[in-house]
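Enquirer: Sequence plus the predicted model coming up.
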Amino acid sequence: MKRALREIHSDILILGSGGAGLFAALHAHQSAPELSIGVAVKGLLGKCGCTRMVQGGYNVALAPGDSIERHFMDTIEGGKWLPDQELAWKLVSLAVERIRELENELGCFFDRNPDGTIHQKAFAGQSFDRTVHKGDLTGIEIINRLAEQVWARNIKRLEEHRAVELIKSSSGDALAGVLMIDMRSGEYLLVRAKAVLLATGGGPTMYRYHTPSGDKSCDGLAMALRAGLRLRDMEMVQFHPTGLLAGAHTRMTGTVLEEGLRGAGGYLLNGAHERFMQHYDAKLERATRDIVSRAMVAEMRAGRVTPNGGLYISMAHLGAERVRREFKGMVERCADCGFDLAGGLVEVVPTAHYMMGGVEFAADCTTALPGLFVAGEDSGGVHGANRLGGNGVANSTVYGGVAGDAMAAWVRAEGALRAPDPTAIDEAIARCERPFAARGAGHGAIEMLRETLSGVMWDRVGIIRDAAGLAAAERELSAIDDALEGVALPDGERAYNLSWHDWMNLKSLTQVSRVIAAAARAREESRGAHFRSDFPEAGALERSAYTSARLVDGTVAIATKPVAFTRVRPGETLLRDAVHGAATDAA
Ligand SMILES: Cc1cc2nc3c(=O)[nH]c(=O)nc-3n(C[C@H](O)[C@H](O)[C@H](O)COP(=O)(O)OP(=O)(O)OC[C@H]3O[C@@H](n4cnc5c(N)ncnc54)[C@H](O)[C@@H]3O)c2cc1C
């Protein structure tokens, strides 16, 4: 039976309501108030996604002695020379503008010093303490203020609407719109739009331990792949060293204890209550996330573990009062799970946190598909091999704003509603309908396949990788994908049909996992977040190359392309200029 399809039109359609999506909506509205703008989101606007979960804060060069050049160099060196330098430059320079906008136009209150200047704290891997924050719950402040501003404007909200396919025009050379499912009714909806922003926030939720919100299942990346776009640096999955380890049967396990704990001087201890980071890196607990996570896995593999198989973080030596004052949210989160962060020990494990990889894009957020723009964690190339803590929310807000401006200008200049390809719509609906027509295992299989997926990704495509494990993972992921094709769901109520959405989540996650595994196998060196025990050396920085993945007849094809050192080459620095230059104290 052919399913009914409703259709609506919008000049601009934004997928996702995190920092990228909401900033894009506000900027597009400001740039071109006459345009119709819609924000479609899998959850409720302002209540879902990871920007709301940002704890530690926002990197920006504001203080005397800091500079955008210094922030840039930290980003490039932290990213192991893989970032696209123009994208990284735009990030650090526009972050200054964006933080002013957040405070002065949107009304965010960030913590301040006694002299009234913005307080900036230490984050790992940075040469200057530049992380702006609101206590340790910065994201709630940012998203609440952004959401209020969006609510106050004439911006259409499509809440609990899941994007399932990017639909091209009949000629195939541009985007015509997005096929969605209204999760509240289960009905299909085609939103035809002149410009679409992909801001669904990536999210490595395919790993056993992970931090991102459950609404994120890499749908945007999977849709981009199916639309023929290239994904860059997909092997670069960041693991945060301090995920809470609260036991196997609580979703609190994997949630992150913020980086500021290590920044403030927290210790990591093994199961024998010994500090161990001195055996791995001179920066101890303040080394970058990749180094600390690998050191932790090495301790765990050596069996020096806590009762739940992890390690400990200890803050008590800093004084319980100070810890309670500075990390109120973290102390409360730990207390909810029976741990005393201020005075005792908390069990932790590395946890998949962020995808540096994403859709290849230009500095104005355009992609290879006319009409499609991308921003935030769905995009690739800003962070290279490793994202600095604090650069994530800077990335989503900076590029969200850029995308809003760019889409408004593009729609005014050349935007048109294009006729969608009817075959592409039928095929996309048939793909979503597959479990209702299948005759295989019932919905119980979905949970089993999720467990299998998270185990394969954690064990074989996780923090320490090798060729044999990655090849095995590719076979296993292919088998999971096949098994998903056979899962059968009863063709009944479609409203809030969570088994159906779980099935679609797993399809997206499996598709993107295959790209991560293939890109990881292609990179025969160890850089940043990607560590190959069979290729432990970093390779020559001068010959740095990024991976570029796309689907060819359903198979993942990986190319490697040289990084263009457009501003600085390995071995050089911009800092001498910065010390003498006017831009040093960018304020
Ligand atoms: C626990 C935690 C703490 C963090 N702390 C920091 C920090 O201190 N500093 C920092 O810089 N970064 C931090 N990050 C990273 C930061 O949150 C992200 O880099 C950034 O916020 C991503 O913004 P985004 O707009 O791209 O995506 P998100 O904010 O994740 O928003 C994605 C949106 O897309 C929607 N969506 C997903 N799929 C679909 C679909 N199919 N259809 C429609 N909508 C969809 C989601 O519902 C959501 O609204 C943290 C991340 C986590 C998980």
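Expert: Alright, I've got the coordinates.
Enquirer: I'd assumed Ala394 was in contact with Asn59.
Expert: Yes. With contact defined as C-beta atoms under 8 Å, Asn59 reaches Ala394; the gap is 5.3 Å. Where C-beta positions appear, they are placed from N, C-alpha and C, glycine not excepted.
Enquirer: so what sits against both of the two?
Expert: Residues touching both Asn59 and Ala394 by C-beta atoms under 8 Å, 6 or more residues apart in numbering: Ala95.
Enquirer: where does the protein dip in pLDDT?
Expert: Along the chain, the parts satisfying pLDDT under 70 run over 1, 577-587.
Enquirer: So for it, the centremost residue is which one?
Expert: In the chain, the residue lying closest to the centroid (C-alpha atoms, centre = their mean) is Glu377, at 3.8 Å.
Enquirer: List the contacts of that residue.
Expert: Applying C-beta under 8 Å, 6+ apart, we find Glu377 in contact with 18, 20, 50, 201-203, 354-355, 358, 392, 395-396.
Enquirer: and those residues near the ligand, which?
Expert: Filtering these for neighbours of the ligand using C-beta under 6 Å from any ligand atom leaves 18, 20, 50, 201, 354, 392, 396.
Enquirer: residues contacting Gly380?
Expert: Contacts of Gly380 by C-beta under 8 Å, 6+ apart are 231-234, 356-361.
Enquirer: that's a helix at Ala195, yeah?
Expert: No. Per DSSP: H, G, I helix; E, B strand; the rest coil, Ala195 lies outside any helix segment and is strand.
Enquirer: Now, the contacts of Glu377 that are in strands?
Expert: 354-355, 358 (DSSP state E).
Enquirer: backbone phi and psi for the residue in the stretch 201-350 of the chain that the ligand sits nearest to, please?
Expert: Across the stretch 201-350 of the chain, no residue is closer to the ligand than Gly201, which sits at 2.6 Å (C-beta to the nearest ligand atom). Main-chain torsions, Gly201, degrees, to the nearest 10: phi 80, psi 20.
Enquirer: hmm, back to that, write the ChimeraX selection for whichever of the ones in strands among the contacts of Glu377 are buried.
Expert: In ChimeraX syntax, the buried subset of the ones in strands among the contacts of Glu377 is picked out as below (16 or more other C-beta atoms under 10 Å):
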select :354,355,358
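Enquirer: Closest one to the ligand out of the ones in strands among the contacts of Glu377, please.
Expert: Lowest distance from the ligand to these (C-beta to the nearest ligand atom) belongs to Tyr354, with 5.6 Å.
Enquirer: Would you mind confirming that that closest one makes contact with Asp233?
Expert: No. With contact defined as C-beta under 8 Å, Tyr354 does not reach Asp233; the gap is 11.9 Å.
Enquirer: joint contacts of those two?
Expert: Contacts common to Tyr354 and Asp233, judged by C-beta under 8 Å, 6+ apart, are absent.
Enquirer: How about the residues of the stretch 101-250 of the chain by the ligand?
Expert: When proximity is defined as C-beta under 6 Å from any ligand atom, the stretch 101-250 of the chain approaches the ligand at 162-163, 199-201, 211-212, 215-216, 219.
Enquirer: Neighbour-wise, give me the winner out of the contacts of Glu377.
Expert: Ala20 (36 neighbours; other C-beta atoms under 10 Å).
Enquirer: got a list of what that one touches?
Expert: 51, 197, 199, 201, 375-378, 396-397, 399-400, 403.
Enquirer: Run a quick neighbour tally on the residue nearest to it when sequence neighbours are not counted.
Expert: Closest residue to Ala20 apart from its sequence neighbours, by C-beta to C-beta, 6 or more residues apart in numbering: Gly376 at 2.9 Å. Gly376 has 34 neighbours, counted by other C-beta under 10 Å.
Enquirer: separation between Gly376 and Phe276?
Expert: 35 Å (C-beta to C-beta, to the nearest Å).
Enquirer: try Arg145
Expert: Per C-beta to C-beta, Arg145 is found 41 Å from Phe276.
Enquirer: Now do the phi/psi pair for Arg465.
Expert: Main-chain dihedrals, Arg465, degrees, to the nearest 10: phi -120, psi 160.
Enquirer: show me where the stretch 51-200 of the chain has strands.
Expert: 58-59, 120-121, 131-132, 156-159, 161-168, 175-182, 187-198 (DSSP state E, counting those that start in this stretch).
Enquirer: right, so of these, which gets closest to Glu572?
Expert: With C-beta to C-beta, the closest approach to Glu572 among the strands of the stretch 51-200 of the chain belongs to strand 58-59: 22.0 Å.
Enquirer: Pairing partners for the closest one, with directions?
Expert: strand 131-132 (antiparallel) (DSSP bridges).
Enquirer: got a list of contacts for the partner strand?
Expert: The contact list for strand 131-132, computed with C-beta under 8 Å, 6+ apart, reads 56-60, 62, 99, 110-111, 118-123, 138, 260, 263, 389-390.
Enquirer: Once you drop chain neighbours, what's closest to the residue in the stretch 451-587 of the chain that the ligand sits nearest to?
Expert: Nearest residue of the stretch 451-587 of the chain to the ligand: Ser508, at 7.8 Å (C-beta to the nearest ligand atom). Residue nearest to Ser508 in three dimensions, not counting chain neighbours: Ala222, with 4.0 Å by C-beta to C-beta, 6+ apart.
Enquirer: Return the residues in contact with the one you found.
Expert: Ala222 touches 507-508, 511-512, counting by C-beta under 8 Å, 6+ apart.
Enquirer: Now with 6 Å, please.
Expert: Ala222 is in contact with 508, 511-512, counting by C-beta atoms under 6 Å, 6 or more residues apart in numbering.
Enquirer: is it fair to say Phe239 lies in a strand?
Expert: Yes. Counting by three-state DSSP, one finds Phe239 located in a strand.
Enquirer: Surely it is in contact with Pro350?
Expert: Yes. At 4.4 Å, Phe239 counts as touching Pro350 under the criterion of C-beta atoms under 6 Å.
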